[in-house]
Structures are given as structure tokens and as C-alpha cells.
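K.L.:
next come a sequence and a model predicted from it.
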Amino acid sequence: NSFLFALLLGIVIGVTIGLCVQNYHSTWAKDNRNIMYLGYPGELFMRMLKLIIIPLVVTSLIAGMASMPSKATGKLGGITVAYYLSTTLVAVLLGMLLVATIKPGDHYKVKEVTRERRPVHPADSALDLIRNVFPSNLIGATMEKVNQSVLYIYK
């Protein structure tokens, strides 16, 4: 019961803060940096939830397959492979048909991109470092390099 109470209390507090910030017409509520700071804990929580999804699903699939008899496992594996191949074939054919008919990107003209350097706020650097501790995809995190915005302070 305490978990349910804490969950409902968190929902009420979140809705109250959201309504107060939305109705509070000030420079604080209109500043994107303050809104980003307010949403930062929620962003970390969502990244942690996304991080746990893949290992949880794979573990439950492996445990389910291990508890089945070997004859049923082979049949289920064959059905799974056939389903995967057929849905992949349908997706590829549909994608090729849509690209041939719609021709996405034909009307888009490429503009020359100029990259302007913006100053990095020290809080952004610290929050970015903490954000990168919790990747949203465990497999993708092992295969990509994260560019950290670092603020160097020289004395």
C-alpha cells in the first residue's frame, strides 16, 4: 500500500507542478533552460526504463524457451524464423514500393549548414555527463561514441 500511496502522491505533485509552471507567467517558466532542468529527472528515469527493456525481454524469452520441451522448442523456432522472414520481406517490398511512388526528398533542397559555436554552460556539461551514464539502448551504447560537451576552466 505504501508504494501505491507514493505513486499517487507523485502523480498529484507532478500534475500540480505542471499546472503551476504552465499558469505562472514569468520569465522563469518561459526560459527553456529552466524547463529542461525541471524535466531532467524524468528524462533520466525514462532512459533507465528503456535501458532495462532489452535485457528483460531477452531473459524472459530465454527462460521461456528453456522451460519448454525440445520438440516444441524446435517447432516454435521454425515458426518464429518463418514469421520474421515473411514480415521482413513484406516490409522491404512495401518500403521499395513507397519510395518508388512517393519519391521522398526530391523536393528538398540541401542548404549549406554553418555551424556556429555556442558557449557551453557549466551545468549543461555536468548534466550531459550524468545523462550519458544511463544510455537508452544498451546495445547501441556499446557501439557508439558519445561526444561530451566539456567546459575547460583555465586559471
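P.N.:
Cool, got the structure. Numbers count the residues shown, from 1 in each chain.
K.L.:
residues near residue 10, how many?
P.N.:
By other C-beta atoms under 10 Å, 10 other residues sit near residue 10. (Glycine included, C-beta is placed from N, CA and C.)
K.L.:
summarise which helices and strands the helix or strand hosting it is packed against.
P.N.:
In this assignment (DSSP states H and E), residue 10 forms part of helix 2-23. Here helix 2-23 touches helix 32-66, going by 3 or more C-beta pairs under 8 Å, 6 or more residues apart in numbering; DSSP states H and E.
K.L.:
for the helix it packs on, list every residue counted as buried.
P.N.:
47, 51 (16 or more other C-beta atoms under 10 Å).
K.L.:
can you give me the angle it makes with helix 2-23?
P.N.:
Inter-element angle recorded for helix 32-66 and helix 2-23: 150 degrees (by axes from the mean of the first three to the mean of the last three C-alpha atoms, to 10 degrees).
K.L.:
quick one: helix 32-66 to chain centroid distance?
P.N.:
Computed by C-alpha atoms, centre = their mean, to the nearest Å, the chain-centroid distance of helix 32-66 equals 8 Å.
K.L.:
show me what that helix is packed up against.
P.N.:
helix 2-23, helix 122-133, helix 138-143.
K.L.:
can you put those helices in JSON lines and add distance to residue 102?
P.N.:
Output for these, formatted as JSON lines (distance: least, C-beta to C-beta, whole Å):
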{"stretch": "helix 2-23", "distance to residue 102": "38"}
{"stretch": "helix 122-133", "distance to residue 102": "36"}
{"stretch": "helix 138-143", "distance to residue 102": "29"}
